[in-house]
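Visitor: make a model of this:
(4 chains)
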2 protein chains.
Amino acid sequence: MAKSKVYRLGDLQLRIMQILWQRAEAAVVEVHQALAGEGDWAYTTIATMLRKMEARGLVRHRLHERKFLYRPGVQAEEVTRKISTHFIDRLFEGSLADMIAHLLTTRQISREELTRLKALIAERKKKL
Amino acid sequence: MAKSKVYRLGDLQLRIMQILWQRAEAAVVEVHQALAGEGDWAYTTIATMLRKMEARGLVRHRLHERKFLYRPGVQAEEVTRKISTHFIDRLFEGSLADMIAHLLTTRQISREELTRLKALIAERKKKL
DNA sequence: GAGGTAATACTACTACGGTAGTAACGTCAA
DNA sequence: TTGACGTTACTACCGTAGTAGTATTACCTC
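Guide: The predicted structure follows:
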């Protein structure tokens, strides 16, 4: 079914999904406007993309006052999870800890964020 | 330049890169054999892929005893970093802490791994 | 009812990952 | 010297993200 390769969402498709998750429902023109400033896609590009995404089950639409109102066909949670899993599998053989370890040592992070993570880990540990 | 869209490596291309990073240099037949068990790609598929990757600057080759020996044209570090950055940008607006926070709460992780991460965070904090 | 307008539908194209068959070529053994 | 074999080169195809022009449709206004 449509949800099988959700982790392969392209950049534009993902941005469109994020806008729909945010607004629950949006006409093509709204999606187009929401994306202005990030790039100058033609209106028809967004419309075409939405139609293609609907064919894949990523979004649905209903007619309202002569416009298509699109809404998400997949949940943000599911997509985030699948993309993340695919990413961790590809680069870190599926190990979340390896991934975090690697990124912690190669990327910038502030003292505040580290403190927050420390608390989060303590919290997580309690639940085990 | 070739390195510009390294974060868009496909699954097969990434696997090939990983094999080359591991071995430093490998003939087509070795790459093909290394991938056996993960899927049954035709030998010519691997050869074609390597040629396409060389056109993108991802790998290089030299002739040795009638065989092409391929070696990486980009460093593992760079590719890992770019793919990771792209991933974090796409899903977590560039925030490493947000990403970790999210994955910590949605994925399985063992007590041992949490302990390891805790130590890692303490270590990281020292260096700030 | 004739335009203008705004929306979707249709069509077409590029780029590229993945896939692999077939052709060509050079070496080595019988 | 010929034929098998291993290797690379060439070619072709599919799927899909991205891109957008043009056609069509239907309403709304004058």
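Visitor: give me the pLDDT for A:Leu128.
Guide: A:Leu128 carries a pLDDT value of 86.
Visitor: gap between the nearest residue to it once chain neighbours are set aside and A:Ala55?
Guide: Closest residue to A:Leu128 apart from its sequence neighbours, by CB to CB, 6 or more residues apart in numbering or on different chains: B:Arg111 at 5.3 Å. Yep, even glycine has a C-beta here, placed from its N, CA and C like the rest. Going from B:Arg111 to A:Ala55 by CB to CB, to the nearest Å gives 45 Å.
Visitor: and for A:Leu63?
Guide: Taken as CB to CB, the span from A:Leu63 to A:Ala55 is 17 Å.
Visitor: three-state assignment of the closest residue to DNA strand C within chain A?
Guide: Nearest to DNA strand C, among the residues of chain A, is A:Phe68, at 3.2 Å (CB to the nearest atom of the strand). For A:Phe68, the assignment made with DSSP: H, G, I helix; E, B strand; the rest coil gives strand.
Visitor: for it, what are its contacts?
Guide: Contacts for A:Phe68 (CB atoms under 8 Å, 6 or more residues apart in numbering or on different chains) come out as A:Ala27, A:Val28, A:Leu50, A:His61, A:Arg62.
Visitor: give me the number of residues near the closest residue to A:Gln13 other than its chain neighbours?
Guide: Spatially, and ignoring its direct neighbours in sequence, A:Gln13 is nearest to A:Met53 (6.0 Å; CB to CB, 6+ apart). Number of residues near A:Met53 (other CB atoms under 10 Å in any protein chain shown) recorded here: 25.
Visitor: anything in the host helix or strand of A:Met53 near DNA strand C?
Guide: According to DSSP states H and E, A:Met53 maps onto helix A:43-55. Yes. Helix A:43-55 reaches DNA strand C (CB under 7 Å from any atom of the strand) through A:Tyr43, A:Thr44, A:Ala47, A:Thr48, A:Arg51.
Visitor: hmm, back to that, filter the contacts of A:Phe68 down to the ones in strands?
Guide: Counting by DSSP state E, the contacts of A:Phe68 place A:Ala27, A:His61, A:Arg62 in strands.
Visitor: quickly list what the nearest residue to the second one once chain neighbours are set aside is bridged to.
Guide: Yep, that's A:His61 we're talking about. The shortest distance from A:His61 to any non-neighbouring residue, by CB to CB, 6+ apart, is to A:Phe68 (4.3 Å). For A:Phe68, the beta-bridge partners are A:Leu63 (DSSP bridges).
Visitor: if I look at A:Phe68, how far off is A:Ala47?
Guide: Between A:Phe68 and A:Ala47 the computed distance is 8 Å (CB to CB).
Visitor: how many neighbouring residues does A:Thr106 have?
Guide: The number of residues near A:Thr106, taken as other CB under 10 Å, comes to 12.
Visitor: pLDDT at the closest residue to it other than its chain neighbours, what is it?
Guide: Nearest residue to A:Thr106, sequence neighbours excluded (CB to CB, 6+ apart): B:Arg81, at 6.2 Å. Residue-level confidence at B:Arg81 comes out at 97, pLDDT.
Visitor: correct me, but B:Arg81 touches A:Leu103?
Guide: No. Using CB atoms under 8 Å, B:Arg81 makes no contact with A:Leu103, being 9.1 Å away.
Visitor: chain A against DNA strand D: which residues are in contact?
Guide: Within chain A, the positions near DNA strand D by CB under 7 Å from any atom of the strand are A:5, A:8-13, A:39-42, A:44-45, A:48-49, A:52, A:56, A:66.
Visitor: show me which of those residues are buried.
Guide: Among the residues of chain A next to DNA strand D, the ones that count as buried by 16 or more other CB atoms under 10 Å in any protein chain shown are A:Leu9, A:Leu12, A:Gln13, A:Trp41, A:Met49, A:Arg56.
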